[in-house]
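J.: take this sequence and fold it.
(chains A, B and C)
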Amino acid sequence: MPELPEVEAVAREVRSALLRSSIIDVHVRRWDVVTGAARRRERLLLGSGVREVLRRGKQLALCGHDDAVIVVQLGMTGAFGIVAASAPIEPHTHVTWRLDRSRELRFVDPRRFGGITWLKDRHELVDRWSRLGPDALDLHGDWSARVAASRRAIKAALLDQHAVAGVGNIYADEALALAGIRPQRACTRVARHEFDALGHAIGSIMRSAIAGGGSTIRTYRRLSGETGAFQASLRVYGRAGEPCRVCSRTLQSELVAGRTTVWCDACQR
DNA sequence: ACAGCTCCCTGCATGC
DNA sequence: TGCATGCAGGGAGCTG
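T.: Modelled structure (predicted):
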């Protein structure tokens, strides 16, 4: 499932391809994945071209020359990328943008937890993103101020995009393991130095995943078919019942914040 | 205001 | 082999 590193990989691919391209046509195959465009394909960047490709947390924004903005969210199973226009349309392809030089930008999402949102201008994007927490790649010393007073579990706070933007279930567990903090612990019981360690853990895990081209967990894949190599280095995610890579104790698992959560009872306190 | 829950959806793994 | 079942989870929206 795409998290920040995967979305960043998509942003880079799409940015380098789109900034020197024109959009010739747009084909919306399922309108219910699009919100805000009033069902007019002219509003999906057709004719305007893309001036800028931005990312905040797990959200991607394509800014057109006409000031309209398209926000793309990949959800669980979304894929977004450039392919040859002649490539077969795979199932669950919901929107395609025909580009010059016989290429196509496609949004594919079997489970449809993702989607595309049309915004009328940059102000709407600024407003929308101001409600997100700081980007997980760019956490400063005071990032924890927003969550430290909360009584909920630290993992619930990490998954809350309004607290920190970009952390999903995989990297929440991985970061908590690296920082030695139990996912269930209340934020109020996490010390300042532990928040600092957690912030560093999140950043270093995100950066190494990006360097590895994004992880290849289950449903995530690039439209081009390439895969990443980060999966092999996961510490706890998906390893319930297996031995901790540090102390060999059997990894525990239970639901926290409604999500499957894996941790080591010995290494995490 | 906050925290916790349900729901949306399809693909895959599992079990009979 | 084939079918039914359960599980995976990001985020909106609802509830207590």
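J.: A:Trp129 and A:Gly166, how far apart?
T.: Distance of A:Trp129 to A:Gly166, computed by C-beta to C-beta, to the nearest Å: 12 Å. The C-beta positions use only the backbone N, C-alpha and C, and glycine is treated the same way.
J.: actually A:Ala85, not the one I wrote
T.: From A:Ala85 across to A:Gly166, the span is 32 Å (C-beta to C-beta).
J.: ditto for A:Ala37
T.: For A:Ala37, the distance to A:Gly166 (C-beta to C-beta) stands at 25 Å.
J.: before we move on, what about A:Ser86?
T.: 35 Å.
J.: comparing those two, which residue is more hemmed in?
T.: Each of A:Ser86 and A:Gly166 has its neighbours counted (other C-beta atoms under 10 Å); A:Gly166 has more, 27 against 8.
J.: surely A:Asp196 is within a helix?
T.: Yes - counting by DSSP: H, G, I helix; E, B strand; the rest coil, A:Asp196 is part of a helix.
J.: which SSE is the residue lying closest to it once chain neighbours are set aside in?
T.: Excluding its sequence neighbours, the residue lying closest to A:Asp196 (C-beta to C-beta, 6 or more residues apart in numbering) is A:Gly141, at 6.9 Å. A:Gly141 belongs to no helix or strand when assigned by DSSP states H and E.
J.: which parts of chain A are strands?
T.: Listed in chain order, the strands of chain A (DSSP state E) span A:23-28, A:34-35, A:50-56, A:59-64, A:69-73, A:79-84, A:93-99, A:103-108, A:115-119, A:252-256, A:259-263.
J.: make CSV out of these and add distance to DNA strand C.
T.: Below are these laid out as CSV (distance: least, C-beta to the nearest atom of the strand, whole Å):
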stretch, distance to DNA strand C
strand A:23-28, 20
strand A:34-35, 9
strand A:50-56, 10
strand A:59-64, 6
strand A:69-73, 5
strand A:79-84, 14
strand A:93-99, 15
strand A:103-108, 15
strand A:115-119, 9
strand A:252-256, 8
strand A:259-263, 3
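J.: so which of these gets nearest A:Pro2?
T.: With C-beta to C-beta as the criterion, A:Pro2 lies closest to strand A:79-84 of the strands of chain A, at 8.1 Å.
J.: partners of that closest one in the sheet?
T.: Looking at strand A:79-84 with DSSP bridges, its partner strands are strand A:103-108 (antiparallel).
J.: quick one: mean pLDDT over the strand it pairs with.
T.: The average of the pLDDT scores along strand A:103-108 is 96.
J.: can that strand be said to contact DNA strand B?
T.: No - judged by C-beta under 7 Å from any atom of the strand, strand A:103-108 makes no contact with DNA strand B; its nearest approach is 10.2 Å.
J.: number of nearby residues for the closest residue to A:Asp67 other than its chain neighbours?
T.: Nearest non-adjacent residue to A:Asp67, counting by C-beta to C-beta, 6+ apart: A:Asp121, 4.9 Å away. When counting by other C-beta under 10 Å, one arrives at 13 neighbours for A:Asp121.
J.: what does A:Ala240 give?
T.: Residues lying near A:Ala240 (other C-beta under 10 Å) number 15.
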